[in-house]
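Novice: Sequence and predicted structure are below.
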Amino acid sequence: MSTEAVVLVGGQGMRLRPLTLSAPKPMLPTAGVPFLSHLLSRIREAGIRHVVLGTSYKAEVFAEYFGDGSAFDLELEYVVEKEPLDTAGAIRNVSDRLRADDVLVFNGDILSGLDLRELLRTHREAEADVTLHLVRVDDPRQFGCVPTDADGRVTAFLEKTDNPPVDQINAGCYVFRRPVIDDIPAGRPVSVERETFPGLLASGARVQGHVDDSYWLDIGTPAAFVRGSADVAQGRLRSAALPAPAGEAVLLDEVKVAADAAVRGGSTIGARGDIGSGARIVGSTLFDDVRVEAGAVVEHSVIGAGAVVGEGAVVRGAIIGDGVTVGAGCELLDGVRVWPGVELPPGGVRFSAD
């Protein structure tokens, strides 16, 4: 049976601002390449070539980078969502570009080590109408949960509760039989979890769960984004799109690192980055053209393109927008976010989100 893929990349990434003011979340540099590159490489490795991207926010950025997909050994098409349609509505919105029997659908903000071939095998062996990737989490209270029976068949979609009956949650990856997509109402918002999937259960359709314990992370928050980039850089999640060998650091083109500086913990230094004497970069992502001056410390943070971290400054658990200047001796801690273009004066000023 033929298979193709749909990737939903239309969200505005509000929780990741100010990083997403200049680029959609799936295009943010993650271990040296756009986040979406890691997902597309997994799709390609599974033997799938035709991929439709459902875009909306800054839609042109995707086509500018990936083009027709030929450079990535893929055939890419783009469909722009003109108004928010929710997950199922967005899937229905691209249906006229689909031509396969089975359609893999991905939320475009999930890092996952799921074996896609095994997911498809589960779907076909169960002769399912839809198959959901489910993951087990330590604390399912912050998620809706998805119970399954002894045969792996989904029995319900439950809202968040303080006493969830199972630890399985929807992992944001699905296999749809094509007729199921065609039956989704067109031209209006439709939720997969609140409308499509419950409707399928009520009709007696086969909704299958595929539970695995592979790496899984929703990178929608700053802390998760930082962690995900570091995990890919260090090889905790293997990715064929990683532009350098996995290890303590990924250094892109024309990076300068002083001999006594330290870059570790899965940090990525973007092109033309300049790390000064005695500086320490740990578990952080620095976009292109960032300068970190002597003695500065950057830990578990994201530094936007063209930003400067001044001498002796400390940036820990912070998000710094494009073009920001962090003055010498400043301390930015615990979830601080600095919007693009801001200049923080030197002099030991301390900023904390708390």
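Specialist: Yep, that arrived. Numbering: from 1, shown residues only.
Novice: quick one, what contacts residue 210?
Specialist: Counting by CB atoms under 8 Å, 6 or more residues apart in numbering, residue 210 touches 118-119, 122-123, 131-134, 152. In this view, the C-beta of every residue, glycine as well, is placed from N, C-alpha and C.
Novice: element containing it, please.
Specialist: In this assignment (DSSP states H and E), residue 210 forms part of strand 207-212.
Novice: got the contact list for the residue nearest to the spatial centre of the chain?
Specialist: Geometric centre of the chain, nearest residue: residue 109, 3.0 Å, by CA atoms, centre = their mean. The neighbours of residue 109, taking CB under 8 Å, 6+ apart as the test, are 11, 13, 25-26, 35, 172, 218-220.
Novice: Quickly note the distance from it to residue 74.
Specialist: The gap separating residue 109 from residue 74 is 19 Å, by CB to CB, to the nearest Å.
Novice: the inter-axis angle of the top strand by length along the chain versus strand 207-212?
Specialist: Identified as the longest strand of the chain according to DSSP state E is strand 168-177. Orientation of strand 168-177 against strand 207-212 (axes from the mean of the first three to the mean of the last three CA atoms, to 10 degrees) gives an angle of 120 degrees.
Novice: Quickly run through the sheet partners of strand 168-177, with directions.
Specialist: Strand pairing for strand 168-177, using DSSP bridges, gives strand 102-107 (antiparallel), strand 130-136 (antiparallel).
Novice: Minimum distance to residue 229: which of those has it?
Specialist: strand 102-107 (17.8 Å; CB to CB).
Novice: what's the distance between the closest one and the middle of its chain?
Specialist: Distance of strand 102-107 from the chain centroid (CA atoms, centre = their mean, to the nearest Å) equals 15 Å.
Novice: Same question for stretch 101-110.
Specialist: That offset, for stretch 101-110, works out to 13 Å (CA atoms, centre = their mean).
Novice: Check stretch 118-129 too.
Specialist: With CA atoms, centre = their mean, you get 25 Å for stretch 118-129.
Novice: Go through it and flag the buried ones.
Specialist: 119-120, 122-124, 126, 128-129 (16 or more other CB atoms under 10 Å).
Novice: Please identify which of those is nearest to residue 280.
Specialist: Out of these, the member with the shortest distance to residue 280 (by CB to CB) is residue 119, at 40.8 Å.
Novice: circling back: restricted to helices, list the contacts of residue 109.
Specialist: Counted as lying in helices by DSSP state H, out of those, are residue 35.
Novice: Among the contacts of residue 109, which ones are in strands?
Specialist: Per DSSP E, these map to strands at 172, 218.
Novice: Save the contacts of residue 109 as TSV, and put in neighbour count and pLDDT too.
Specialist: Output for these, formatted as TSV (neighbours: other CB atoms under 10 Å; pLDDT from 0 to 100):
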residue	neighbour count	pLDDT
11	20	82
13	22	78
25	26	90
26	29	92
35	26	94
172	20	91
218	17	90
219	24	90
220	16	86
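Novice: Could you identify the most distant pair in the contacts of residue 109?
Specialist: Top of the distance list for these (CB to CB): 13 and 172, 14.9 Å.
Novice: Determine how far the lengthiest helix in the chain lies from the middle of the whole chain.
Specialist: Longest helix of the chain, by residue count under DSSP H: helix 222-234. Computed by CA atoms, centre = their mean, the separation of helix 222-234 from the middle of its chain amounts to 10 Å.
Novice: Confirm that residue 39 sits in a strand.
Specialist: No. Using DSSP: H, G, I helix; E, B strand; the rest coil, the assignment for residue 39 is helix, not a strand.
Novice: how many neighbours does it have?
Specialist: Here the number of neighbours of residue 39 (other CB atoms under 10 Å) works out to 25.
Novice: Isn't it up against residue 6?
Specialist: No. Using CB atoms under 8 Å as the test, residue 39 is too far from residue 6 to be in contact (11.6 Å).
Novice: list residues touching both of the two?
Specialist: residue 106.
Novice: could you list every residue that touches residue 140?
Specialist: By CB under 8 Å, 6+ apart, the neighbours of residue 140 are 164, 166-169.
Novice: Phi, psi for it please.
Specialist: Recorded main-chain torsions at residue 140 are phi -80, psi 0, according to degrees, to the nearest 10.
Novice: Where does pLDDT dip in the stretch 201-350 of the chain?
Specialist: For the stretch 201-350 of the chain, the stretches flagged by pLDDT under 70 are 348-349.
Novice: Endpoint to endpoint, stretch 327-335 covers what distance?
Specialist: Using CA to CA, to the nearest Å, the end-to-end distance of stretch 327-335 comes to 18 Å.
Novice: Any idea how far it is from the middle of the chain?
Specialist: Mean-position distance between stretch 327-335 and its chain equals 27 Å (CA atoms, centre = their mean).
Novice: With stretch 193-212 instead?
Specialist: Using CA atoms, centre = their mean, the offset of stretch 193-212 from its chain centre is 24 Å.
Novice: what's the distance between the residue nearest to residue 12 when sequence neighbours are not counted and residue 226?
Specialist: Leaving aside its sequence neighbours, residue 12 sits nearest to residue 57 (CB to CB, 6 or more residues apart in numbering; 4.6 Å). To residue 226, residue 57 is 22 Å away according to CB to CB.
Novice: Neighbour count: those two, which is higher?
Specialist: Taking neighbours as other CB under 10 Å, residue 57 and residue 226 compare with residue 226 leading, 24 against 18.
Novice: Many thanks, we can stop here.
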